[in-house]
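> Generate coordinates for the sequence data below:
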Amino acid sequence: MSSAYQSLREKAEGIRASQRQSRRRQRFPIDLNLDPNDIPLDELNVANPELFKHDAFAPYFARLRAEAPVHYCRDSQYGPYWSITRYRDIVAIEKAHGIFSSGYGFGGVTIQGTPQAASETPMFIEMDPPKHDVQRKAVAPRFTQRSLVELEALIRERAASILDGLPRNETFDWVRHVSVELTGRMLASLFGLPQEERHRLIRWSNIFSNGDNPELVASTGDYYEALAECGDYFQAVWADRQQQAPSGDLISMLAHGSQTADMGPKELLGNVVLLLVGGNDTTRNSISGGVLALNENPAEYAKLRRDPGLIPKMVPEIIRWQTPLTNMRRTAIRDVVFGGQTIRAMDTVIIWYISGNRDEEAIDRAGEFIIDRPRPREHLSFGFGIHRCLGNRLAEMQLRVLWEEIMRRCPNIEATGPPERANSVLFRAINRLPVRIREA
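Okay, here's the model as predicted:
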């Protein structure tokens, strides 16, 4: 067993032995009936997960964009942080990676990250150039246009099979039966694993993407135990791929990459976690969010039924509207004046994609869901610059193919109740969505 993963198990056991079973996030109650304009500006905390669980974030960010687009919050569940909420400012921060670092040595890319925790599972999204570029390049061929064309027929076959197996005229959970199932099958394919392993991958991905969510991951010890399990599993896959000829799966690409073949256990685990979560959450929550958005905007759903040719434009609009990853964290590595505010070295800076995607100055009618929007890809859901999501075209293709098959097989999907949203500040996730496929 790798000593690196054994240390994670020892950490999990130590946490359990000390009976520190509660999650590390402190609860900050919020009155959702309170108008955010009545809250003193210096007390606004848009990183409260309750805002996302109850889908109440929009007026808070609207106020920050209007009054304090570069805003400092002194007290939150995660400590002090700056919020960047306008589209153009988010782009500027993303471009200035020499000033605003993603490095795990500074805490990585999540608001709850610390240098100590991030260094346990370093991944290329939490690296700055040049190492970031080298590791990203190793797996990039899996997401080229040529590779995607080869995957499209497989995705279509799976989407058709899943949709044909759904009940008609009775309520079921769309997230479980469609969103999770389709993305889980694709995860197994990307890693070159048997399909029956997808349930293991989904379980790990759920834990890793909800590590700060006390409703889904009860104990910090459980989180570290899952990391150790995943590490052990993929260390064996890694060793197997090293003994085989190079192939097109992600682990083989890393195992045979000229700059990644000597990757240590911690970096292997970190990049597996990144690829698991990245390949799961964006697509899964956009699949669910698209059904919900169309039900909440029936005129747009009617427009789609009249003209399924709008699907290629609708897909990026769904991804913008859902914004599955609400934010990313950067750390200032020196003092800098930005937007008229002085950000000090080592300050945490949160770039809010969810707010930039609602910025009326950058996106016309940004507060509306419009499936035939001009220039629909001008959104921030995939990030910007060197850290732009590597699998963005794959995510779009999965959604496009799925909706093409939906319109052929079951175009009348009705939400029969409200969604259950995640209690998460990082992922705008839908855990359950009751629906019914209506057939005459």
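
> can you tell me which residues contact P29?
E50 (CB atoms under 8 Å, 6 or more residues apart in numbering). The C-beta positions use only the backbone N, C-alpha and C, and glycine is treated the same way.

> helix/strand/coil for it?
coil (DSSP: H, G, I helix; E, B strand; the rest coil).

> and if you look at the one 4 residues further on?
Using three-state DSSP, the structure places N33 in coil.

> and what of Y78?
coil.

> now the helix or strand containing A153, how far from the centre of its chain.
Per DSSP states H and E: A153 is located in helix 145-164. Remark: helix 145-164 is offset 22 Å from the chain centroid, using CA atoms, centre = their mean, to the nearest Å.

> go on, stretch 340-348?
So, by CA atoms, centre = their mean, the centroid of stretch 340-348 is 26 Å from its chain's centroid.

> Buried residues in that stretch, which are they?
343, 347-348 (16 or more other CB atoms under 10 Å).

> Contacts for that stretch, please.
By CB under 8 Å, 6+ apart, stretch 340-348 touches 70, 72, 78-82, 106-107, 111, 329-337, 349.

> Quote the end-to-end distance of it.
17 Å (CA to CA, to the nearest Å).

> average pLDDT for it?
For stretch 340-348, mean pLDDT rounds to 97.

> Could you shift the numbering so residue one becomes 47, and keep it that way?
Okay, using 47 as the starting number, the last item reads as stretch 386-394.

> For N469, grab the count of nearby residues.
20 (other CB atoms under 10 Å).

> Quick check: chain neighbours aside, which residue is closest to it?
Using CB to CB, 6 or more residues apart in numbering and skipping residues adjacent in sequence, the residue nearest N469 is K99, 4.5 Å away.

> partner strands of the next helix or strand after the helix holding A199, parallel or antiparallel?
Where DSSP H and E defines the elements, the next helix or strand beyond helix 191-210 is strand 217-219. Sheet partners assigned to strand 217-219 using DSSP bridges are listed as strand 480-483 (antiparallel).

> who are the neighbours in contact with the closest residue to W449 other than its chain neighbours?
The shortest distance from W449 to any non-neighbouring residue, by CB to CB, 6+ apart, is to I357 (4.8 Å). Residues near I357 by CB under 8 Å, 6+ apart: 350, 446, 449-450, 453.

> Most neighbours among those residues, which one?
W449 (24 neighbours).

> which other helices and strands contact the helix holding A199?
Other helices and strands packing on helix 191-210, by 3 or more CB pairs under 8 Å, 6 or more residues apart in numbering; DSSP states H and E, are helix 226-236, helix 438-455.

> hmm, back to that, and of the contacts of I357, the nearest to P176?
R446 (34.4 Å; CB to CB).

> So that closest one sits against P358, correct?
Yes: between R446 and P358 there is a contact under CB atoms under 8 Å: 6.1 Å.

> show me the residues around A205 that make contact.
228, 447-448, 451.

> any chance of the residues you listed in CSV, plus distance to I136 and neighbour count?
CSV is the format used below for those (distance: CB to CB, whole Å; neighbours: other CB atoms under 10 Å):
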residue, distance to I136, neighbour count
L228, 30, 23
V447, 30, 23
L448, 29, 26
E451, 34, 20
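
> Among those residues, which one lies nearest to F415?
Closest to F415, out of all of the contacts of A205 and judged by CB to CB, is L448, at 17.8 Å.

> Mind pulling the model confidence for the closest one?
For L448, pLDDT reads 97.

> give the contact list for the residue nearest to E424 when sequence neighbours are not counted.
In space, and not counting its chain neighbours, E424 is closest to I409: 6.8 Å by CB to CB, 6+ apart. Residues near I409 by CB under 8 Å, 6+ apart: 133, 366, 403, 424-425.

> Any buried residues in the helix or strand containing G325, and which?
Using DSSP H and E, G325 sits within helix 311-342. Under the neighbour-count criterion of 16+ other CB under 10 Å, helix 311-342 has 311-341 buried.
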